[in-house]
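K.L.:
sequence and predicted model, in that order:
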Amino acid sequence: MYRIIFISILIQLMCFTTTIAQFSNNITLLSDSTYAEKLNQKLKYHILENNSDSVFYYYNKSVELTKEKSLKLFEAQANYYIGMYYHRNKLSNESTEYLEKAITIYKEAKDTFHLIECLNQKVVCLSASASHTEATKTTQIIMDYYDHYTNESQKNITIINAGINYFRAEDYPKAAESFKKSLSMAKTLADTKQIQSTATNLGSAYTMLNKYDSAKLYYQTAYFNTSLNDSAIKATYFHNIGFINIEEKNYNEAIINLQNALNIRRKLNDKKVADTYALIGKLYSRKGDNDIAISYYYRAYKTIIGTNDLSGIKTTSLKLANLYNNIGNYKNASLYYKEHIKYSDSIHSLNDKATIESLNKKMELKEKAKENKLLESENQLQELQISSKKQTIYLLTAVTSLVGLILIGLLFRIKNNKKHNLLLSSKNKTITEQKEELESTISELNKTIKYLEIANATKEKFFSIIAHDLRNPFGAIREASEILNNKSFPIDDETKDLLINDLHVSAENTYKLLENLLNWARSQQNAIKLEFSYHDITEVIDESTEPYISNAKEKNIAINKKNVNHYNLKIDKNTIQTIIGNIINNAIKFTPTNGKIDIETSFFKNYFSVSISDNGVGMNSTQLNNLFKIEKSQSTPGTNNEAGTGLGLILCHEFIKLNGGQIRAESQVGQGTRFNIDIPNI
């Protein structure tokens with residue numbers, strides 16, 4: 001008996017030892033990958049901090065580890081990061097060299113995403129170093145990958161880089177062509193920030209081509225896609241439009257736009273305010289107002305003089321010299337021309353100095369790379385020795401502990417009663433089944449309670465409308481008709497006309513209420529048959545709005561259509577018209593006299609949105625949360641005490657779901673409400 005137990009323990013111990021060995025290998029591999037990832041994270045951090053000593057230390061550690069352990073993707077990542085580091089330090093050849101190493105590895109691994117990321121960065125480096133032909137060839141290589149690989153965001157980055165490269169090469173027609181493609185993709189991706197930056201680039205390209213109408217159009221596109229808080233970009237827009245106005249000799253418009261740019265840049269304390277001062281100086285110089293031109297160029301000069309913008313000082317001082325020469329003030333002309341010469345010499349000296357510093361930087365980086373490699377070899381040997389000792393201790397401890405646990409487990413298993421285990425298992429199974437059955441019953445009961453609560457609320461709402469909201473208008477109709485029918489009660493023509501008008505209004509409101517009530521009842525019984533066909537959304541909006549024009553005029557409310565474009569959508573026309581009509585009616589009801597209602601449309605990739613906003617009384621968060629819930633909806637009188645049932649928006653919510661869309665509401669008390677009707681683009 002004991003011999004059998006001993007043999008069994010030996011067999012299990014052998015199996016356990018094999019498992020421990022496999023586990024140890026897996027832990028080592030996992031540890032290597034994790035360590036490589038951490039090294040690359042450290043490398044990236046020190047690149048951002050521009051700490052060259054630490055950059056090369058972590059690069060060498062990462063590359064040696066990844067080569068030794070064949071962690072190719074981590075090796076490629078390290079080369080990509082060091083390429084970025086050289087690019088940040090304006091060493092384009094070195095940057096391209098390390099990017100090529102990463103590209104080679106990603107090609108072998110068939111990692112297309114990171115391969116294109118590296119190639120895109122290579123285009124940026126080549127373009128920055130004026131290697132425009134090579135940048136164009138690399139762009140074409142990237143575009144070939146997109147024939148069998150789809151990533152619209154990456155593709156858009158490639159096209160933007162191509163446009164910037166053409167622009168730097170002064171090939172403005174091709175730059176404009178690339179930016180147009182990028183803008184179209186950004187609109188498809190609904191990337192507002194990308195739309196804004198690409199439209200600005202496109203405006204710059206058309207400005208360089210002297211196509212000012214097109215340039216203004218794209219600058220406006222950038223402006224309308226700018227965040228409300230992004231004042232700096234708005235200033236750039238006004239500055240660019242002002243430049244075009246000057247070229248078109250539209251000086252009055254130019255001064256308005258440039259003054260807007262100037263006000264914003266002053267408020268932001270933006271250094272670019274000097275550019276705007278100089279451009280206003282150019283404007284007055286063109287007009288022949290030399291004194292005013294001098295005053296603005298002088299402000300530009302004073303703004304730049306406190307900075308390191310030597311090129312700006314050189315240009316502005318020359319402009320001042322020429323203007324003073326034009327008005328015969330040769331003393332100041334001579335003074336500023338000397339400034340121009342002085343800063344021209346300074347720029348040449350700085351260029352020479354920059355070249356020397358660049359060479360020194362390269363030598364310094366190479367020396368540090370060698371030093372770090374030597375230190376890395378020594379550190380690696382010590383780390384390997386320490387790591388080997390630790391692994392041995394951990395392995396022995398683990399084996400000893402687990403062998404003891406196995407022996408205890410075996411003894412416990414022998415002593416344990418088999419019958420007791422079977423009985424316990426049976427009881428556990430019964431308890432589990434009962435628990436699952438009880439949870440299922442509770443879940444069904446909760447669903448039933450929720451359904452009954454909604455059904456009860458629906459019934460109460462239905463009776464409330466019949467008892468109150470239908471009874472009141474019928475009472476008004478009855479009283480008015482009794483007065484008109486009572487021949488013994490004399491009434492004049494004016495009173496009679498008022499009664500007839502009240503009778504008509506009550507009948508009209510009652511009819512609308514009945515129509516909503518019947519539509520709602522039919523929707524609850526799934527009795528509405530939808531007929532989907534293509535309709536021009538502009539015509540649907542116009543037809544939906546028409547019945548409520550007179551109501552709006554009574555309160556002097558303006559209904560404005562902004563950016564409402566013709567677009568064919570596959571919809572059920574009747575239900576969509578009911579939705580738009582109900583929301584327009586609600587907007588009129590809760591907007592005070594002399595208010596306004598704006599209707600806008602927007603096209604997105606998968607849906608078309610109709611936005612209806614007003615500047616009415618608005619709603620609090622509780623009202624907004626309960627807006628589409630039948631069990632919590634309440635009728636609220638309008639600004640002129642117009643009656644309502646609270647049923648219209650419930651109906652809108654039901655109908656938009658039938659069309660496969662959604663309805664969203666935004667509101668603030670005292671500021672108005674916006675409803676967005678999202679219709680699928682089928």
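P.N.:
Looks like it arrived, so ask away. The shown structure was predicted, so the numbers you read here are calculated from the model rather than taken from an experiment.
K.L.:
pretty sure residue 298 is touching residue 317, no?
P.N.:
No: if you go by C-beta atoms under 8 Å, residue 298 and residue 317 don't touch, sitting 10.2 Å apart. From N, CA and C alone the C-beta is placed, and that goes for glycine too.
K.L.:
of the two, who's got more company?
P.N.:
Taking neighbours as other C-beta atoms under 10 Å, residue 298 and residue 317 compare with residue 317 leading, 24 against 18.
K.L.:
ranges for the helices of the stretch 551-682 of the chain?
P.N.:
573-589, 621-625, 647-658 (DSSP state H, counting those that start in this stretch).
K.L.:
helix, strand or coil for residue 70?
P.N.:
Following DSSP: H, G, I helix; E, B strand; the rest coil, residue 70 is assigned to coil.
K.L.:
gap between it and residue 104?
P.N.:
Distance of residue 70 to residue 104, given as C-beta to C-beta, to the nearest Å: 15 Å.
K.L.:
higher neighbour count, these two?
P.N.:
Of the pair residue 70 and residue 104, residue 104 is the one with more neighbours under other C-beta under 10 Å, namely 14 against 9.
K.L.:
find the centremost residue of the chain, please.
P.N.:
residue 191 (5.8 Å; C-alpha atoms, centre = their mean).
K.L.:
show me what contacts it?
P.N.:
residue 156 (C-beta atoms under 8 Å, 6 or more residues apart in numbering).
K.L.:
work out for me the element residue 266 sits within.
P.N.:
Using DSSP states H and E, residue 266 sits within helix 251-268.
K.L.:
in that helix, what's buried?
P.N.:
Neighbour-count burial for helix 251-268 flags 251, 254-255, 257-258, 260-262, 264-265 (criterion: 16 or more other C-beta atoms under 10 Å).
K.L.:
next SSE downstream of it?
P.N.:
Helix 251-268 is succeeded, C-terminally, by helix 273-287 (DSSP H and E).
K.L.:
list the buried residues in stretch 211-229.
P.N.:
Here stretch 211-229 shows 212, 215-216, 218-219, 221-223, 225-226 as buried, counting by 16+ other C-beta under 10 Å.
K.L.:
quick one: which of those is nearest residue 586?
P.N.:
residue 225 (30.2 Å; C-beta to C-beta).
K.L.:
pretty sure the closest one is touching residue 198, no?
P.N.:
No: using C-beta under 8 Å, residue 225 makes no contact with residue 198, being 9.6 Å away.
K.L.:
tilt between the helix holding residue 266 and helix 273-287?
P.N.:
Angle, helix 251-268 to helix 273-287, by axes from the mean of the first three to the mean of the last three C-alpha atoms, to 10 degrees: 160 degrees.
K.L.:
just how off-centre is helix 251-268 within its chain?
P.N.:
Offset of helix 251-268 from its chain centre (C-alpha atoms, centre = their mean, to the nearest Å): 30 Å.
K.L.:
stretch 63-70 now?
P.N.:
The answer for stretch 63-70 is 38 Å, by C-alpha atoms, centre = their mean.
K.L.:
before we move on, what about stretch 223-235?
P.N.:
With C-alpha atoms, centre = their mean, you get 15 Å for stretch 223-235.
K.L.:
what's near enough to touch residue 203?
P.N.:
By C-beta under 8 Å, 6+ apart, residue 203 lies in contact with 215-219, 222, 240.
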